[in-house]
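1. Here is the input, now give the coordinates:
(one chain, ligands or ions: 2)
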Amino acid sequence: MTRLMLIAALLLVPMVASAQETHMPNKPLLIAHRGASGERPEHTLLSYELAIAQGADFIEPDLVPTKDGVLVARHENNITDTTDVAAHPEFATRKATKTIDGETMTGWFTEDFTLAELKTLRARERLPELRPGNTAYDGKAEIPTFDEIIALAKRASKATGRTIGIYPETKHPSYFASIGLPLEARLLAKLQEAGWDSADAPVFIQSFEVNNLIALKQRTKVRLIQLMDASGGPADKAEPSYAAMATPAGLRKVAAYAYGIGPARAMILPPSGTATSLVADAHAAGLRVHPWTFRAENVFLSPAYRTGAPAEHGRLAEEIRYFIGLGVDGFFTDFPHIGFEARAAAAPAPAQ
Ligand code: G3P
Ligand code: CA
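-> Ligands and ions are numbered 1, 2, ... in the order given. Next up, the predicted model:
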């Protein structure tokens, strides 16, 4: 797509999206993974704003706490790779080695910084070799708070006439509970403050762990999503493996507390190229299905949709359309504008 075509498409988004709301449900849901993280440093307001301009229904913040208990958006509490913290001599002594969910790592961690301190840092691109264009935005954005993200979603909903939802993920919930910074009460308090604590609020809460979702089910009506990875199992060891959780019997257990599942793409379309029955099995258990993560670079695409070198873009729109054809109810993508176009191309024409 040329730059001119992209600008024209972006200008059309509010009108097209409104038409969708009038004539058909926004299905499957377009979830901006860490914002439009294919084109801006992830988990910045720049990234979320672009995602909204590109037609996303939901923006996705991964949440971790600061030392003073404020929820901020980072994919992990180790901020070494996504901020300029290493270039701040005043924080040199905060460098630490920690074991989190069984993985030992060295770096700087959000729970060792107050919000005021974190706000002196600037975000930078996680994948500079794969996404060199994004480095132009290095140093331009702060780490956003959950408050700021809710405010953005509300502001954008008003400005566009669309409902922009949020799709927060609790990161490392057992670990944060173990150090006295549990995420859940803070998350629920913010949702209540926002008036987004009902079953029809434009919010999904997601977690790779199980026990915190089961506990949340007792405390909130907000829809809960059980994340599943293509290998391993939940860090809280509540279930032996994600593979077991994805069986028909496992899915029935999940359905007792969750509205849906967020499986890795490969659990639906493995590299072999033959789709599994996960979408149908989850639907049979009464669960919605929101797979992750659709990325344009060949290195991430399913083998059938790759064209060219690993860092080049392949046929993401076709891959998304394939999953839409399988009946998914939503999808996470780093490239919301491609997701928007793919969904529009896959949808039946509205009745005249
Ligand atoms: O939350 C869906 C997807 O984002 C899970 O993967 O590692 O990108 O948070 P991750
Ligand atoms: Ca996530």
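
2. Next, count neighbours for Ala258.
-> Neighbour count for Ala258, taken as other CB atoms under 10 Å: 28. Just so you know, the C-beta spots here come from the backbone N, C-alpha and C atoms, and that holds for glycine as well.

3. just Gly180 next, same as before
-> Gly180 has 9 nearby residues by other CB under 10 Å.

4. Against ligand 2, how distant is it?
-> 24 Å (CB to the ion, to the nearest Å).

5. Use 16 as the first number from now on
-> That works, and once the first residue is 16, the last one we named lands at Gly195.

6. separation between that residue and ligand 1?
-> In this view, Gly195 and ligand 1 are 24 Å apart by CB to the nearest ligand atom, to the nearest Å.

7. Would you verify that that residue is located in a strand?
-> No - assigned with DSSP: H, G, I helix; E, B strand; the rest coil, Gly195 falls outside any strand and is coil.

8. Could you report the pLDDT at it?
-> On pLDDT, Gly195 comes in at 98.

9. Quick check: phi and psi at it.
-> phi 80, psi 20 (degrees, to the nearest 10).

10. got it, and Glu184?
-> Here is the backbone geometry of Glu184 (degrees, to the nearest 10): phi -110, psi 130.

11. hang on, isn't it packed against Ile74?
-> No - Glu184 lies out of contact with Ile74 (CB atoms under 8 Å); the separation is 11.8 Å.

12. Can you pick out the residue with more neighbours from the two?
-> Of the pair Glu184 and Ile74, Ile74 is the one with more neighbours under other CB under 10 Å, namely 29 against 23.

13. And what about the closest residue to Ala290 other than its chain neighbours, helix, strand or coil?
-> In space, and not counting its chain neighbours, Ala290 is closest to Leu284: 5.4 Å by CB to CB, 6 or more residues apart in numbering. With three-state DSSP as the basis, Leu284 sits in coil.

14. For Leu284, which residues are in contact?
-> 290-291, 317, 337-338, 341 (CB atoms under 8 Å, 6 or more residues apart in numbering).

15. May I have the phi/psi pair for it?
-> For Leu284, the backbone dihedrals (degrees, to the nearest 10) come out as phi -130, psi 90.

16. residue ranges with poor pLDDT in the stretch 266-367 of the chain?
-> For the stretch 266-367 of the chain, the stretches with pLDDT under 70 are 363-367.

17. for it, what spans make up the helices?
-> With DSSP state H, counting those that start in this stretch as the criterion, the stretch 266-367 of the chain has helices at 293-299, 331-341, 351-361.

18. Adding mean neighbour count and distance to ligand 2, write the ones you listed out as TSV.
-> As requested, the helices of the stretch 266-367 of the chain are exported to TSV (neighbours: other CB atoms under 10 Å; distance: least, CB to the ion, whole Å):
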stretch	mean neighbour count	distance to ligand 2
helix 293-299	19	19
helix 331-341	20	18
helix 351-361	22	15
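
19. Which of the ones you listed sits closest to Ala311?
-> Of all the helices of the stretch 266-367 of the chain, helix 331-341 sits nearest to Ala311, with 4.3 Å by CB to CB.

20. Hey, what's the angle from that closest one to helix 351-361? Just curious.
-> Interaxial angle, helix 331-341 versus helix 351-361 (axes from the mean of the first three to the mean of the last three CA atoms, to 10 degrees): 50 degrees.

21. what's near enough to touch the residue in the stretch 266-367 of the chain positioned nearest to ligand 1?
-> Taking CB to the nearest ligand atom as the measure, the stretch 266-367 of the chain has Trp307 as its residue closest to ligand 1, at 3.9 Å. With contact set as CB under 8 Å, 6+ apart, Trp307 has these partners: 48, 242, 277-280, 346-347.

22. end-to-end on stretch 143-158?
-> Taking CA to CA, to the nearest Å, stretch 143-158 runs 18 Å from one end to the other.

23. before we move on, what about stretch 229-248?
-> 16 Å.

24. Now do that stretch: distance to the chain's middle.
-> Chain-centre distance of stretch 229-248: 14 Å, with CA atoms, centre = their mean, to the nearest Å.

25. Sort out which residues of that stretch are buried, please.
-> For stretch 229-248, the neighbour count (16 or more other CB atoms under 10 Å) marks 229, 231, 235, 237-244, 248 as buried.

26. Would it count as contacting ligand 2?
-> No - on the criterion CB under 5 Å from the ion, stretch 229-248 is out of touch with ligand 2, staying 7.4 Å away.

27. avg pLDDT for that stretch?
-> On average, stretch 229-248 scores 98.

28. and the stretch 166-315 of the chain, which residues reach ligand 2?
-> Residues of the stretch 166-315 of the chain lying near ligand 2 (CB under 5 Å from the ion): Glu184.

29. what does the stretch 166-315 of the chain put close to ligand 1?
-> Residues of the stretch 166-315 of the chain lying near ligand 1 by CB under 6 Å from any ligand atom: 184, 221, 242, 277, 307-308.

30. Save those as CSV, and put in distance to His58 too.
-> Formatted as CSV, these follow (distance: CB to CB, whole Å):
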residue, distance to His58
Glu184, 11
Gln221, 15
Leu242, 17
Gly277, 17
Trp307, 15
Thr308, 14
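
31. still on that earlier bit, out of the buried residues of stretch 229-248, which comes closest to ligand 2?
-> Leu242 (7.4 Å; CB to the ion).

32. Name the helix or strand for the closest one, please.
-> Using DSSP states H and E, Leu242 maps to strand 238-243.

33. Name every sheet partner of that strand and say whether each one runs parallel or antiparallel.
-> Note on strand 238-243: by DSSP bridges, its sheet partners are strand 219-222 (parallel), strand 275-278 (parallel).
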